[in-house]
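1. model the structure of this input:
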Amino acid sequence: MKRAGEFELIDAFVSALPHPRAPQGPGDDTAVLPPSRENLCVTTDALVENVHFSRPAFSLRDIGHKALAVNLSDLAAMGARPTWWLCALGLPKNTTRAQVLALARGMAPLARQHRLALVGGNITSSPVLTLTLTVAGQARRPMLRSGARPGDLLFVSGTLGAAAAGLSLPTPALVAAQKRPVPQVRLGLAAARWASAGIDLSDGLLADLGHLCAASKVGANLRSAALPLHPALPRSPKALQWALTGGEDYQLLVAVPPRHAARLGRAFTRIGEVTRHGGILTLDGARVSPQGFDHFRR
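-> Got it, this is the predicted structure:
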């Protein structure tokens, strides 16, 4: 079989994804983007083989989906509406056109759902598969980590613990949560109208709450009985640990002034409150450390 060249792989990848026509890109030396009256929110994240995923446990469509989903989750945490993205692929030299198409087809449903236009990127050879995405959105009032105030109530969207459990348990629902996370873009847009601060749950509830508290110079108390555990989790202390420290749930954690709490709706669960004790996290009143996933402390 003839080895696919760089530009053949680029054409295959772009063909499966929504993208604007020139002069916006892709295809030129840079993307040409119109100015915006709203705040431009930009994020970048990478997925690296044998760090974030392994094959064949993850299909190429799983990998493509997750790469775009985790970046969209960052926009959701800002209350931003997705607009455009760039994609840089590092591909092993034996990568085929069909494999690149599978990656793109894993991304395409999310890109279409959120009207996200691919405007450029890059392909290079790499010892392992890597995907580095830069995704942008627009927000009138970005939901920062630094806005929480003592007395705010803490809410989380969806359920917790499934993605971490999916690494150990073969239950279909748990495995799907690990391989196919759902970015909560719609909920982020809604919450941004009322929340004082927000963050997405990628490293674990305690770790990400710690990031929010550090940025806002506040503390927080969580109630373990209030945490919305995924219904597929086993009834054991391990379930609570997965929910607190497992990571990769890609749900939203928001701090909301009490007067606006009722406006969030049933998609969010109240799990605690913001306190005046800067940097101190407590669980049911007992102090806990903001532990979670750290690439350099595993």
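2. what ranges do the helices span in this structure?
-> Taking DSSP state H, the helices of the chain run over residues 6-15, 60-78, 97-113, 162-165, 172-179, 185-191, 205-216, 237-241.
3. which regions of the stretch 51-200 of the chain lie under the pLDDT threshold?
-> Applying pLDDT under 70 to the stretch 51-200 of the chain flags no residue at all.
4. 90 - rerun?
-> Judged against pLDDT under 90, the low-scoring parts of the stretch 51-200 of the chain cover residues 170.
5. picking that back up, out of the helices of the chain, which is closest to residue 283?
-> The minimum distance between residue 283 and the helices of the chain falls on helix 205-216, with 8.1 Å, by C-beta to C-beta. All C-beta spots, glycine's among them, are computed from the backbone N, C-alpha and C.
6. got the buried residues for the closest one?
-> Along helix 205-216, the positions that meet the burial threshold by neighbour count (16 or more other C-beta atoms under 10 Å) are 205-213, 216.
7. got it, and stretch 257-271?
-> Counting neighbours by 16+ other C-beta under 10 Å, stretch 257-271 gives 264, 267-269, 271 as buried.
8. please apply the same query to stretch 162-173.
-> 162-166, 169, 171.
9. and residue 281, what does it touch?
-> Taking C-beta atoms under 8 Å, 6 or more residues apart in numbering, we find residue 281 in contact with 206, 209-210, 213, 219-222, 287-290.
10. check these and tell me the two furthest apart.
-> Farthest apart among the contacts of residue 281 by C-beta to C-beta are 221 and 289. That separation is 14.4 Å.
11. quick one: residue 36 and residue 5, what's the gap?
-> Remark: distance between residue 36 and residue 5 (C-beta to C-beta, to the nearest Å) = 36 Å.
12. let me know the average pLDDT across stretch 204-217.
-> Confidence over stretch 204-217 (mean pLDDT, whole number) is 96.
13. surely residue 216 and residue 199 touch.
-> No - with contact defined as C-beta atoms under 8 Å, residue 216 does not count as touching residue 199 (10.3 Å).
14. who touches both of the two?
-> residue 145.
15. which of the helices of the chain sits most buried?
-> By mean neighbour count, with neighbours taken as mean count of other C-beta atoms under 10 Å, helix 162-165 ranks first of those at a mean of 27.
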